[in-house]
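[1] Below: sequence and its predicted model.
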Amino acid sequence: MAFQQTFAFAQDLPSPREGRASAREGLAPIPPRSFLATLPKEGEAKRVDPTEGKVKPSASPQPEDTTPPSREQILQQLRVQAGCISTVEAAAGPTVETFSAGHSDIDAMLPRGGLKVDSVTHWIGDNHSNATCALSLVTAAGRIAAHPGPLVVVAREADFYPPAAVSLGIPADRIIWVRPNSHADAVWSIDQSLRCESVAAVWSVVGAQLDDRDARRFQLASETGGTPGLFVRPIVTRGRPSFAETSFHVAMARDVRFESKKQTAYPALRVTLDRCRGSAGGTATTVLIDDGGRLISLTQNSAARDTTNKHLRSVPYHETAAVRLASELAHPKTKTRPAERRRA
């Protein structure tokens, strides 16, 4: 019975949202919460707002700028949003340390005039030959000439020939050769070497099995240690998405050959800039490597062509290869030992 009376009393209370008087006599309406908040507490004087009741003048609305942005402003905003894909140094980011790619003509194709020290560069060979490896090792030789650290080589025995690296200008006592047994070991070795600040550069022959996760891992490791990575890649990786800062394509220029006074034919290399952050890419130059491991430019705009023009001629590649092979057979470098003569 008491429960029924209590429930009936609760039904007679007015709703706090409506704030209306009760239908029964003798029950006062419950004030809203906003009014209760303004009531002073016990022992506290009521605060009077002098501006209460007065109409505050509203601020005059400011006219909106309806002038459309200019073309330069739109382009600048798009450059910032797209990751600074501009050749302008201010939009491309802060100035960083760079080093030469081996020749001034190759450096001229890059937006900063050289390769960044905290980046990864891919050298994609047109075919499986030693020309791409030699060109990338020339770049590594220039890097260790300006850095006191060693060159870490992560490659199998079939991919790296130390005497060839020494002939290109890399001292043998500054080469640390890591020969991994598996692809996982190669990835770990490259990552740890790139994170070391004492290393001048990391050179490796990286196959097509490199996934995007490990490629991104190499770029982050290079940024952490400030160590450049020079990687030789196969032709099947050309055009694929890459985390490398710069990517070159190296092909044989079969219509141009260089002949020295020793009548030795050197194949010319066509170097094309496929991609580089801050550059549109697509530019190319023709170079060759001489006996001293130096790059000689064969482009028409280079001053080096004027001094070597008399040594150039357009001949088929097989002809120069046959002449060189016949010369080596006619004048062999090794001589028969006396013991072999007596045995014969």
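    Noted; the coordinates are in hand.
[2] could you pull out the helices for the stretch 101-250 of the chain?
    Taking DSSP state H, counting those that start in this stretch, the helices of the stretch 101-250 of the chain run over residues 104-108, 130-145, 162-167, 183-194, 212-225.
[3] hey, which of those is tucked in deepest?
    Comparing those on average neighbours per residue, with mean count of other CB atoms under 10 Å, the densest one is helix 130-145 at a mean of 22. The way it works is simple: take the backbone N, C-alpha and C, and place the C-beta from them, glycine included.
[4] List the contacts of that one.
    By CB atoms under 8 Å, 6 or more residues apart in numbering, the list of residues contacting helix 130-145 from outside reads 99-102, 115, 121, 123-126, 150-151, 159-161, 164-165, 168-171, 174, 200-201, 203, 205, 228, 230, 232, 250, 252, 267, 269, 271, 287, 289, 293-295.
[5] what's the distance between Leu288 and Gly142?
    Separation of Leu288 from Gly142 (CB to CB, to the nearest Å): 16 Å.
[6] Pro150 too?
    When Pro150 is compared with Gly142 (using CB to CB), they lie 15 Å apart.
[7] Same check on Gly102?
    Noted for Gly102: a distance of 6 Å to Gly142, by CB to CB.
[8] Please apply the same query to Val250.
    In this view, Val250 and Gly142 are 17 Å apart by CB to CB.
[9] ok, for Cys196, nearest residue in space, not its chain neighbours?
    Nearest residue to Cys196 in three dimensions, chain neighbours excluded: Gly225, at 5.5 Å (CB to CB, 6 or more residues apart in numbering).
[10] The one you found contacts Gln192, correct?
    No - the pair Gly225 and Gln192 does not pass the contact test of CB atoms under 8 Å, sitting 9.4 Å apart.
[11] tell me the contacts of the residue nearest to Ser167 when sequence neighbours are not counted?
    Here the nearest residue to Ser167 in space, its sequence neighbours aside, is Gly293; by CB to CB, 6+ apart that works out to 6.0 Å. Remark: with contacts taken as CB under 8 Å, 6+ apart, Gly293 is in contact with Val138, Ala141, Ser167, Leu168, Gly169.
[12] show me where this protein has strands.
    98-99, 115-116, 120-125, 151-154, 175-178, 201-205, 229-233, 246-259, 265-276, 284-289, 295-297, 312-313 (DSSP state E).
[13] Just give me the lowest mean pLDDT stretch among those.
    Out of those, strand 312-313 stands lowest, with a mean of 36 (criterion: mean pLDDT).
[14] Please tell me how far Pro163 sits from Ala141.
    Between Pro163 and Ala141 the distance is 14 Å, computed by CB to CB.
[15] for Leu151, same thing?
    Distance from Leu151 to Ala141, counting by CB to CB: 8 Å.
[16] Next: Gly226.
    When distances are taken as CB to CB, Gly226 and Ala141 turn out to be 19 Å apart.
[17] That's all I had, so thanks and see you.
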